[in-house]
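*Asks:* show me how the following folds:
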Amino acid sequence: MNTFESIKNSMLWAAYGDALGFITELSDVKRLKYRTRGLGRVKGLIGWRRKLGGQYGVSIELPEGVYSDDTQLRLAVCRSIRKDGEFDFETFSKIEIPVFLAYGLGMGKGTKAAAESLKKKTVQWNTNFFKTPTHRYTDVGGNGAAMRIQPHVWTASSALSDEALIREIIRDSIITHGHPVGWVGAVFHGLILRQALIGGECPPPDIWDKILTKAKLIVNVCKEDKLLNHIWLPSWEKQAQTKLESAVEDTIDEMMGDIKTTNKILQETGIGLLREERDKEERYRSIAENIDAFNPAKRGSATKTALLATYIAYFFSGDPAKGIEICANTLDSDTDTIATMAGAILGTYSNSEPPQRVLDYDYLVSQAERLYEISCGRPKPQFFYPDLLHWNLPKSTIDFVGQLNNKEVALYGLGIINPLGEAITQKNATGSQYWRFYKASFNQTLLLKHREKLSNISPQSVPPNGIEDESMQLKDTFTKSEGVLINETPHFWPTRPQKQTQTNLPLEQGTLDRITDHIIKNGFNEKDIGKQLLSYAAEEDGLEKAIGFASIIVKAKKARLRK
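*Replies:* Model prediction:
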């Protein structure tokens, strides 16, 4: 049964694993010694330095306990869970993920490509089929989704079915990851974490294969969810050139092979936890090597990461700090993500918090408490995002930090931020850029890069107060407008109703922004909407355009009905 202590410690141990593993991420011994000023091994949280900003970037001193994209994305998911426990995939995909480009530490290339794509107005959470010279949506199967799905488990009641939990995990995962390896790894980790949370211990190796088999429910979930079955699935199968059933089954079979390899090594070395420190590390390294987790092409695989994290969580249940330390010091593996996912499991049955506090300890605890209360059926205030109808981001990430009302510094989508310490200058051919730590109004520390002179941010692009308070909350009431009952939510700013007028302009010619603006300004003329929608049938990418068009129009109409 969920308890506050188990969720809190899961949150804290996950962040601790991330913070320790972040020091050694993508590092060899030489680079580690540079970062730590001489240490060849990390045993606890320390201040360290890392070069950021590319080849000509700057070396920045990072404070003790700073965490990476793993915990950052996990907190973004926490904010995107509404007070009723439902995951707001729209604000997560259109605000949290794109804005993450501004402050993400150690962000994976697949997640970055997904975030850049989601900045476009035509791309929605279930139509993010990006394609760049180096990355294609259906090829992205890294652990960027698996490492952030814990809040869905923490929020779920013990009575929630496996299928319902998998639906939340898949809705989250497909926003950025289009390869089944990414989904299967996320689902396996979610099911392991849930069983540990409810049962008070990590499932043993002899049932890992049975838990993995439940990942077959991914197919049912995608086919029974209208938002996935009618929109995302047909496009995915076309892009991937395969059927969902066979792709998921092949991925499960591949992970089954890794589980068999792991169990074989355990049988050869003795199923129990080895006594000698060297033997413990050698067995872990042997398993990682034999499932190909040191291969640069597979190092970030979600399935391999999830399996290694489960191994650590089971065999170091009595000494979580040692398990995390081994993860962090197994160089050439995905140190921070394995450690953070292992920490999430270990924390569910740990009797104590980690030996050191990570950065933003109070914020982490507050989010754990909020999700625990929601899991008990007690609604808690949710994050107050800008209205998606008027949501626009600057083209360049460096402009995500700006000035609000010529006074306060703010970050698009997330709110007011207050500077911490001095800015660090990075000079390049086009001028100077500045790196600086900031404390957000909701109590998270962010390292941001911005221009010397900040541009102005529209108040509509910034939440009025981060976490909504009771005085500003829009109550859950029903209002009658044009004969339709609409459920009010706190996600939207009031908008003015538009008068209906007729138009005969050729709407199908022009950008989506121009077309939708024209329809909205002219009162949602049904003939124009239908004409525009049908025009997409003749275009090769018409389905994606039609979805983007319909989504914008429906959101705009709903906002006016609320008014």
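*Asks:* so which residue is smack in the middle of this structure?
*Replies:* Centroid check for the chain by CA atoms, centre = their mean gives L73 as the closest residue, at 4.1 Å.
*Asks:* now do that residue against R171, distance only.
*Replies:* Going from L73 to R171 by CB to CB, to the nearest Å gives 15 Å. Heads up, the C-betas are built off the backbone N, CA and C, glycines and all.
*Asks:* equivalent analysis for A410, please.
*Replies:* Per CB to CB, A410 is found 29 Å from R171.
*Asks:* between those two, which is the more surrounded one?
*Replies:* A410 (26 against 23; other CB atoms under 10 Å).
*Asks:* all the helices of the stretch 401-550 of the chain, residue numbers only.
*Replies:* Taking DSSP state H, counting those that start in this stretch, the helices of the stretch 401-550 of the chain run over residues 512-521, 526-535, 542-562.
*Asks:* how about these in TSV, adding mean neighbour count?
*Replies:* Listed next are the helices of the stretch 401-550 of the chain as TSV, based on neighbours: other CB atoms under 10 Å:
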stretch	mean neighbour count
helix 512-521	17
helix 526-535	15
helix 542-562	18
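*Asks:* take these and write them to CSV, including distance to Q195 and mean pLDDT.
*Replies:* What follows is those, written out as CSV (distance: least, CB to CB, whole Å; pLDDT from 0 to 100):
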stretch, distance to Q195, mean pLDDT
helix 512-521, 45, 74
helix 526-535, 45, 81
helix 542-562, 36, 74
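*Asks:* the ones you listed: which one's closest to T138?
*Replies:* The closest of these to T138 is helix 542-562. By CB to CB, the value is 14.2 Å.
*Asks:* what packs against that closest one?
*Replies:* When contacts are defined as 3 or more CB pairs under 8 Å, 6 or more residues apart in numbering; DSSP states H and E, helix 542-562 packs onto helix 233-240, strand 478-481, strand 484-487, helix 512-521, helix 526-535.
*Asks:* give me that answer again for 7 Å
*Replies:* Counting contacts by 3 or more CB pairs under 7 Å, 6 or more residues apart in numbering; DSSP states H and E, helix 542-562 is packed against strand 484-487, helix 512-521, helix 526-535.
*Asks:* list the buried ones in stretch 228-248?
*Replies:* Residues L228, I231, W232, L233, S235, W236, A240, L244, A247, V248 are the ones in stretch 228-248 that count as buried (16 or more other CB atoms under 10 Å).
*Asks:* how far does it stretch from start to finish?
*Replies:* Chord length of stretch 228-248, first to last residue, is 15 Å (CA to CA, to the nearest Å).
*Asks:* who touches that stretch?
*Replies:* Stretch 228-248 is contacted from outside by 126-127, 129, 137-138, 174, 178, 180, 184, 215-216, 218-219, 222-223, 543-544, 547, using CB atoms under 7 Å, 6 or more residues apart in numbering.
*Asks:* what about 8 Å?
*Replies:* Residues outside stretch 228-248 that contact it (CB atoms under 8 Å, 6 or more residues apart in numbering): 126-127, 129, 136-138, 170-171, 174, 178, 180, 183-184, 215-216, 218-219, 221-223, 543-544, 547.
*Asks:* show me where the stretch 1-150 of the chain has its strands.
*Replies:* In the stretch 1-150 of the chain, the segments counted as strands under DSSP state E, counting those that start in this stretch are 48-52, 58-62.
*Asks:* same question for the stretch 351-500 of the chain.
*Replies:* Counting by DSSP E, counting those that start in this stretch, the strands of the stretch 351-500 of the chain are 401-404, 408-411, 415-428, 431-440, 445-451, 456-457, 478-481, 484-487.
*Asks:* and the shortest one, what does it pack against?
*Replies:* To tie it back to what came earlier, the one meant is strand 456-457. Applying 3+ CB pairs under 8 Å, 6+ apart, we find strand 456-457 packed against strand 401-404.
*Asks:* run the chain-centre distance for the strand it packs on.
*Replies:* Strand 401-404 sits 24 Å away from the centroid of its parent chain (CA atoms, centre = their mean, to the nearest Å).
*Asks:* buried residues, that strand. List them.
*Replies:* V401, G402, L404.
*Asks:* contacts for that strand?
*Replies:* With CB under 8 Å, 6+ apart as the test, strand 401-404 has contacts from 102, 409-412, 416-417, 448-451, 454-457, 459, 462.
*Asks:* just give me how far stretch 165-176 sits from the chain centre.
*Replies:* On the basis of CA atoms, centre = their mean, stretch 165-176 is displaced by 10 Å from the centre of the chain it belongs to.
*Asks:* helix or strand right after the helix or strand containing G190?
*Replies:* Using DSSP states H and E, G190 maps to helix 180-199. As assigned by DSSP H and E, the chain's next helix or strand after helix 180-199 is helix 208-213.
*Asks:* I'd like to know which elements that next one is packed against.
*Replies:* Where contact means 3+ CB pairs under 8 Å, 6+ apart, helix 208-213 is packed against helix 180-199, helix 244-269.
*Asks:* returning to that earlier point: I'd like the helices of the stretch 401-550 of the chain as CSV, with distance to S117 appended.
*Replies:* Shown next, in CSV, are the helices of the stretch 401-550 of the chain (distance: least, CB to CB, whole Å):
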stretch, distance to S117
helix 512-521, 15
helix 526-535, 23
helix 542-562, 11
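*Asks:* of all the ones you listed, which lies closest to T262?
*Replies:* Using CB to CB, the helices of the stretch 401-550 of the chain put helix 542-562 closest to T262, at 40.6 Å.
*Asks:* now do the closest one against helix 526-535, angle only.
*Replies:* Taking axes from the mean of the first three to the mean of the last three CA atoms, to 10 degrees, helix 542-562 and helix 526-535 form an angle of 160 degrees between their directions.
*Asks:* and helix 542-562 with helix 512-521, angle?
*Replies:* Note on geometry: by the same axes, to 10 degrees, helix 542-562 and helix 512-521 are set 30 degrees apart in direction.
*Asks:* kind regards, and thank you for your time.
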